[in-house]
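*Asks:* Following is a predicted model, sequence given first.
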Amino acid sequence: MIRDHFRVLVVNLRSGKGQIVRLDGRNTEAGGSGLAALLFNKYGHVDRLWNDPEQPVIFAIGPLTGYFPLMSKTVCSFKSPYHDQYTESHAGGRSALSLCFANLDALVIVGKSERLCSLTVSSRSLDIQDVSFMKGMSVDETGKLLRGMSPGSGHRTIMRIGPAGENGVAMANINVDTYRHFGRLGGGAALGAKNLKGIIIYGDAVFPQPESKEYPKLFTEVYRQITATDMMKKYHNLGTPANLQGLNDIESLPWRNLQATSDPAIEQINGERFATDNLLRNSACSGCPVGCIHVGYVREMFDANHRYTFKQVAYDYEMIFSLGTMLGVTSTRSVLNILDEMEKAGLDAMSGGVALAWATEATEKEHISEKETEVKLSFGDAKAYQQATVLLGNGSNHFYRLLGQGSLKAAAEYGGADFACVLGQEMAGYATGEVFFAAQSLGFRHSHLDSGGYSYDQKHSDQDVAGVIDFLIKDEAGRAFMTSMVSCLFARGVYKDALLADCLNSVGYPELAATIDTAGAHIQKIRWQTRIATGFSPENITIPKRFFKIKTWKGPIDPLYLNTLKSEYGKAIIKLAGVTTL
Ligand code: SF4
């Protein structure tokens, strides 16, 4: 599928019809993030609500997908139910390779089905089925049924939503092939608003290998760097949970709704403990020889006489933070049990965990009570969090419906905004300092991966505002190009610009290879322009007081430095977009 244009399938769920569209932009928007922004500008409506039936949900891949290792992500873009602004979420699994072998650079879904439906596409076909009988079904039940309905194991991706997505919860994710997710900012609700329960993409086409002599040599070298050096070893060994102990040691790991940044109890739920006590196997996205996905198991006695059932649950650094340390839960098995409930509901475990942490402190401070939460929430009570997860996913009462829209929405009614751990959305697990707090607050996805702010904090104790802003803006531009290639960001140490240029040249994209810098800056700009057109304004984002009260290895947070960083970063974003805010 090497071509000088984009081949896009646009499906309208209202009419049940699809259309192949050819779009220019390969040398400017490149793919992934850039292509998603290009498509939103063509099919999206900046002035209509996120759940307007005509808003698109977009899935886009890049020019190197299928040709090089770890080019394995898909960019999903949509207008977010969390803040009604344009956003992106990224996931791997088999999604990217399936789109590639379905002969598509992107899939755009518009319109709303009259009934709950599933959409199946391949390189030659499109089918929409009524799945009303799946209403309210969990993600795993839905997955089992969709797998049974669709042959082609190993060549197709199955995306689906759970009750949270159907209920419009702004923390609802889209599950991809069981162990991966379009997690943050409510992609699940964006599909739910279209009455779309599942998407199956068959990669059933065949393509010739690139003809250049450089390609096989380069592939071998990239593969060697990824597998035979230490660069990716940590992801394969303990996986991202390896970071828990280190961040705890430098007082940068949020505990109990960020009331502390370190706790000796980390030894009970660090990466080593999970690997020793719960790791069942490693898994990988298609096209990835690293295999960072760590699948743990928990068993449960369901009847007398030691009758057990067991569950496989994939864990990660972020989930252990949000459902472990943030909730004061210090048993590996309990973390996996809460995570399992989040998975079944189709809730983003990070947002859900951080929101429940706020609800727990709000209970302690008597802003809310069991009248609202229905179960008594207290730090460390894993069983209560399992029950609360079900209530949150189902939007079972007014309180949970509000909390599902974000902790600050609930705090606006019940009080407690000061201790809501929200940085644009519920925080990621890096209480590293001022740079990260400003970076996540204003970052494009409000993610720790929008830029390396968390890493900057760990290496710099000086206060160089201009240097930080320069770093954040440049780092984001580089990442915008990486996510337009749809590279897994874990491979950013391998895929430097020179290597990316060689890869693009070897498969026949010399013009893009020669303009990586300008393409990255261009994509960064159009993403922000699109975001700003849908209502983003740095002044509207506040950093709650809790973030000003903590201590890291650098000492107490400096409020003046944090406020200055936020203000200057906001100005820099507006300047690079070349627009005025609303
Ligand atoms: S390193 Fe992990 S997340 Fe990245 S592509 Fe490989 S398995 Fe997927």
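*Replies:* Ah, there it is.
*Asks:* mind listing the helices for the stretch 151-300 of the chain?
*Replies:* For the stretch 151-300 of the chain, applying DSSP state H, counting those that start in this stretch gives helices covering 163-166, 187-192, 214-228, 233-236, 243-249, 271-277.
*Asks:* what residues does this structure put near the ligand?
*Replies:* Where the chain comes near the ligand, counting by C-beta under 6 Å from any ligand atom, the residues are 70, 72, 92, 235, 284-285, 288, 290-293, 488, 490. Every residue, glycine included, has its C-beta placed from N, CA and C.
*Asks:* Next, count neighbours for the residue of the stretch 301-450 of the chain found nearest the ligand.
*Replies:* Closest contact between the stretch 301-450 of the chain and the ligand, by C-beta to the nearest ligand atom, is at D316 (9.1 Å). Residues lying near D316 (other C-beta atoms under 10 Å) number 19.
*Asks:* Which helix or strand lies directly C-terminal to the helix or strand harbouring D470?
*Replies:* D470 belongs to helix 465-485 when assigned by DSSP states H and E. Downstream of helix 465-485, the first helix or strand assigned by DSSP H and E is helix 497-507.
*Asks:* now for the helix or strand following that following helix, which elements pack on it?
*Replies:* Elements were assigned by DSSP H and E; along the chain past helix 497-507, the next helix or strand is helix 510-513. For helix 510-513, the elements it packs on are helix 497-507, judged by 3 or more C-beta pairs under 8 Å, 6 or more residues apart in numbering; DSSP states H and E.
*Asks:* now for the helix it packs on, which elements pack on it?
*Replies:* Counting by 3+ C-beta pairs under 8 Å, 6+ apart, helix 497-507 packs on helix 214-228, helix 465-485, helix 510-513, helix 516-533.
*Asks:* residues of that helix that come out buried?
*Replies:* Residues 499-507 are the ones in helix 497-507 that count as buried (16 or more other C-beta atoms under 10 Å).
*Asks:* Just tell me which of the helices and strands packed on helix 497-507 ends up closest to L258.
*Replies:* With C-beta to C-beta, the closest approach to L258 among the helices and strands packed on helix 497-507 belongs to helix 465-485: 21.8 Å.
*Asks:* Tell me how far the residue positioned nearest the centre of the chain lies from A37.
*Replies:* Most central in the chain under C-alpha atoms, centre = their mean is G183, positioned 4.0 Å from the mean C-alpha point. Distance, G183 to A37, using C-beta to C-beta, to the nearest Å: 20 Å.
*Asks:* same question, G424
*Replies:* Using C-beta to C-beta, we find G424 at a distance of 19 Å from A37.
*Asks:* Would you mind telling me which of the two has the busier surroundings?
*Replies:* More crowded of G424 and A37, by other C-beta under 10 Å: A37, with 30 against 22.
*Asks:* Just confirm that one contacts T87, I think it does.
*Replies:* No: using C-beta atoms under 8 Å, A37 is not in contact with T87; the gap is 10.8 Å.
*Asks:* Extract the residue ranges of the protein that are flagged as low pLDDT.
*Replies:* The model of the chain has pLDDT under 70 over residues 231, 580-582.
*Asks:* Which SSE is immediately downstream of the lengthiest strand in the chain?
*Replies:* The longest strand of the chain (DSSP state E) is strand 293-303. Per DSSP H and E, the first helix or strand lying C-terminal to strand 293-303 is strand 307-315.
*Asks:* That next one to strand 293-303, inter-axis angle?
*Replies:* Relative orientation of strand 307-315 and strand 293-303, computed by axes from the mean of the first three to the mean of the last three C-alpha atoms, to 10 degrees: 160 degrees.
*Asks:* Which of the residues in strand 307-315 are classified as buried?
*Replies:* Using 16+ other C-beta under 10 Å as the burial criterion, the residues of strand 307-315 that qualify are 311, 313-315.
*Asks:* Can you give the distance of that strand from its chain's centre?
*Replies:* Chain-centre distance of strand 307-315: 24 Å, with C-alpha atoms, centre = their mean, to the nearest Å.
*Asks:* Packing partners of it?
*Replies:* strand 293-303, helix 332-345.
*Asks:* returning to what we had before: now the helices and strands packed on helix 497-507 as TSV including mean neighbour count?
*Replies:* Listed next are the helices and strands packed on helix 497-507 as TSV, based on neighbours: other C-beta atoms under 10 Å:
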stretch	mean neighbour count
helix 214-228	15
helix 465-485	21
helix 510-513	18
helix 516-533	21
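*Asks:* Looking at these, spot the one closest to A96.
*Replies:* For these, the distance to A96 is smallest for helix 465-485, at 10.7 Å, taking C-beta to C-beta.
*Asks:* tell me the contacts of the nearest residue to A275 once chain neighbours are set aside?
*Replies:* Ranked by C-beta to C-beta, 6 or more residues apart in numbering and with sequence neighbours excluded, the top spatial neighbour of A275 is L238, at 5.3 Å. Residues counted as contacts of L238 (C-beta atoms under 8 Å, 6 or more residues apart in numbering) are 271-272, 274-275, 294.
*Asks:* With S441 instead?
*Replies:* When contacts are counted by C-beta under 8 Å, 6+ apart, S441 touches 423-424, 541, 543, 566.
*Asks:* so it is in which element?
*Replies:* Judged by DSSP H and E, S441 forms part of helix 434-442.
*Asks:* orientation of that helix relative to helix 465-485 in degrees?
*Replies:* Going by the same axes, to 10 degrees, helix 434-442 makes 50 degrees with helix 465-485.
*Asks:* Check which element follows helix 434-442 along the chain.
*Replies:* If you walk from helix 434-442 toward the C-terminus, the next helix or strand you reach (DSSP H and E) is helix 453-459.
*Asks:* in the longest strand of the chain, what counts as buried?
*Replies:* Across strand 293-303, burial judged by 16+ other C-beta under 10 Å covers 293-296, 298.
*Asks:* do stretch 74-85 as well
*Replies:* Of all the residues in stretch 74-85, those buried under the rule 16+ other C-beta under 10 Å are 74-83, 85.
*Asks:* out of these, who's nearest the ligand?
*Replies:* Of the buried residues of stretch 74-85, the one sitting nearest to the ligand (C-beta to the nearest ligand atom) turns out to be T74, at 11.2 Å.
*Asks:* So that closest one sits against S95, correct?
*Replies:* Yes: the criterion here is C-beta under 8 Å, and T74 meets it with S95 at 4.2 Å.
*Asks:* gap between the residue nearest to the centre of the chain and the ligand?
*Replies:* Distance of G183 to the ligand, computed by C-beta to the nearest ligand atom, to the nearest Å: 12 Å.
*Asks:* do K17 as well
*Replies:* In terms of C-beta to the nearest ligand atom, K17 sits 34 Å off from the ligand.
*Asks:* Just grab the bridge partners of that residue for me.
*Replies:* Beta-bridge partners of K17, counted by DSSP bridges, are N12.
*Asks:* Common neighbours of A37 and T87, please.
*Replies:* What both A37 and T87 touch, as defined by C-beta under 8 Å, 6+ apart, is the set S77.
*Asks:* Setting aside sequence neighbours, what's the nearest residue to V298?
*Replies:* Nearest non-adjacent residue to V298 (C-beta to C-beta, 6+ apart): L336, at 4.6 Å.
*Asks:* just V468 next, same as before
*Replies:* Spatially, and ignoring its direct neighbours in sequence, V468 is nearest to V435 (5.5 Å; C-beta to C-beta, 6+ apart).
*Asks:* With that, I have no additional questions.
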